[in-house]
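Enquirer: sequence and predicted structure are below.
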Amino acid sequence: MHFDISLANLINLFVIAAGIGVCWLSIVQIAKAPIHKQVRKYFTVFLWFIIGYIASHLVRQLIDGNAGAGFAAAIRAFTFTEFLISGFMALMLSQMILYIAAPERRMKTMLYVFISLLGLHAAMLVVSQFTDLFYYFDASNSYKRAPLYLLSNLAPALMLAQDMYLLLKYRKKFSKRVYIAFWIYILAPLAAMGIQALYSEVQFLIFATIGASVNMFGVITRDLTEKYEKQRLEASRIDAELSMATRIQADMLPNIFPAFPERGEFDIHASMKPAKEVGGDFYDFFFIDEDRLGIVIADVSGKGVPAALFMMASKILVQNYAIMYKDPKAALEAANDQICRNNREQMFVTVWLGILDLATGVLTAANAGHEYPIIKQPGGNYELKKDKHGFVIGGMEGVKYKEYETRLEKGSVLFLYTDGVAEASDAGNALFGTDRLLESLNSSSAETPKDVLRDVDAAVEAFVNGAPQFDDLTMLCLKYNGKDE
């Protein structure tokens, strides 16, 4: 076995070996880059194709000219592999450009064209294996290029021409440096093909492929890394702002318990667990006057920041009108009309508003499309109070609401909640439901509102068993103790 030690061949071998090393280092760099996992995988596969391409060329260079059937078969196999991989490399470049640049419908059409060209490329290579169309071997078993050698690059060249068209058409989709890197990758091999036709000793195409590939991946990786860093900083800023919004929203709701330790007529506790950082549910309780307590629970349509902003405005309006009119029906009607006048986003909120006379235990309430309240009288069970539902707040101006009265005896418990409780779902999308809610309330031995909420929350948690929370979960519980004689 002998090796060609001409200067041109030594240069070829050195550059090819160096190219394999550089591509390997690029793979290591890309593996550490903070870019999307799928992009990193795609780049890695692309680079392995390049390594396979130049490694096949390297092996062919090393064994070229060695006599024997085994060497002849090996040279043909590595030559076929080298040429075939060049087609796959052109296809992957096309996919990369299409992924960034092209609309979805055109991307599919163009991709089919590229795959067809790759199929043509493979078919031509198979034919060449038996016809010496592109290359042949002389008597000494040395690799020789046939007159139609350039046809071996026809399909990859057509793919590169298509890529040139895409780059020109969608140039605004790329950053400037990525755009330039793509052009270098396309034009360098094309120029090398022309030089190769005139002087075939030095493998200019291999040199061009290595240099343009490493440059392209380096530029794209750097560009994506910078974008990632900007996105990470922006995400950090948004997280900080959402965290602040969460605290602001929590502070908007009564959150110090016991709420009125000096008032023995009642005990009250409430909780809100938003599905996102901020939510649209809210509860409230406040004194209308010395002997009357306003109680509110509500659920805004939607979630997240828009719902939270709408929630804050709704809370303030409902509270102000309740204190102003001292009547649930009038307060809901005024709040609804005010919200409808400035509601371009067409959001709405369901509200239950009650006013409890602490001296008599008479609860006057009105319901704007909210869940039924649950009441437990002394010695009885928790039961739904199927009150008259009115239309939601913010849905239509001029809506009239009906109010009703319920008398709470000493020791009675009022439990209010949003639909996030009843509609909490497990991994199989089964709902917790109102029946389970009543069952958990009636099976609880809790004596205080705080413990009632704790037991219901535990029952919901046990039911969902770790499934994601899709809606805000808000509860309020009041125990009426009455006035001392």
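Expert: That came in fine, so what should we check first? Numbers count the residues shown, from 1 in each chain.
Enquirer: which residues does the closest residue to residue 18 other than its chain neighbours contact?
Expert: With sequence-adjacent residues excluded and distances taken as Cβ to Cβ, 6 or more residues apart in numbering, residue 18 is closest to residue 210, at 7.9 Å. Every C-beta, even on glycine, is put in place using the N, C-alpha and C of the backbone. Each residue near residue 210 by Cβ atoms under 8 Å, 6 or more residues apart in numbering is listed here: 15, 16, 18, 19, 22, 23, 50, 54.
Enquirer: against residue 418, how distant is residue 229?
Expert: With distances taken as Cβ to Cβ, to the nearest Å, residue 229 is found 40 Å from residue 418.
Enquirer: scratch that, residue 475 is what I was asking about
Expert: Counting by Cβ to Cβ - residue 475 and residue 418 are separated by 8 Å.
Enquirer: picking up where we left off before, before we move on, which element is the residue nearest to residue 18 in?
Expert: Using DSSP states H and E, residue 210 maps to helix 204-252.
Enquirer: right, and the helix or strand after that helix?
Expert: Heading C-terminal from helix 204-252 (DSSP H and E), you reach strand 266-273.
Enquirer: contacts for that next one?
Expert: By Cβ under 8 Å, 6+ apart, strand 266-273 touches 250, 253-254, 257-260, 279, 281-283, 285, 293, 295, 356, 358, 448-450, 452-453, 457, 469, 472-481.
Enquirer: select from those residues every entry located in helices.
Expert: Per DSSP state H, helices hold the following members of those: 250, 449, 450, 452, 453, 457.
Enquirer: which residues does the first one contact?
Expert: Listed by Cβ under 8 Å, 6+ apart, the contact partners of residue 250 are residue 272.
Enquirer: mind jotting down where the strands sit in the stretch 251-400 of the chain?
Expert: Using DSSP state E, counting those that start in this stretch, the strands assigned to the stretch 251-400 of the chain run over residues 266-273, 281-289, 292-300, 349-357, 362-368, 374-376, 382-384.
Enquirer: looking at those, which is nearest to residue 205?
Expert: Nearest of the strands of the stretch 251-400 of the chain to residue 205, taken as Cβ to Cβ: strand 266-273 at 63.4 Å.
Enquirer: buried sites along stretch 212-231?
Expert: Buried residues in stretch 212-231, counted by 16 or more other Cβ atoms under 10 Å: 212, 213, 214, 216, 217, 219, 220, 221, 223, 224.
Enquirer: please apply the same query to stretch 125-134.
Expert: Buried-residue list, stretch 125-134, by 16+ other Cβ under 10 Å: 125, 128, 133, 134.
Enquirer: hmm, who's touching it?
Expert: Against stretch 125-134 from outside (Cβ under 8 Å, 6+ apart): 76, 80, 83, 84, 124, 135, 145, 146, 148, 149, 151, 152.
Enquirer: residues near residue 327, how many?
Expert: 18 (other Cβ atoms under 10 Å).
Enquirer: need the contact list for it.
Expert: 355, 364, 403.
Enquirer: which of these are buried?
Expert: Buried among the contacts of residue 327 by 16+ other Cβ under 10 Å: 355, 364, 403.
Enquirer: ok, those vs residue 31, which is closest?
Expert: residue 355 (65.1 Å).
Enquirer: distance check, that closest one against residue 312.
Expert: Distance from residue 355 to residue 312, by Cβ to Cβ: 22 Å.
Enquirer: likewise for residue 247?
Expert: 13 Å.
Enquirer: again, but for residue 373
Expert: Residue 373 is 24 Å from residue 312, by Cβ to Cβ.
Enquirer: residue 445: what secondary structure?
Expert: coil (DSSP: H, G, I helix; E, B strand; the rest coil).
Enquirer: now it. Its backbone dihedrals?
Expert: phi -100, psi 20 (degrees, to the nearest 10).
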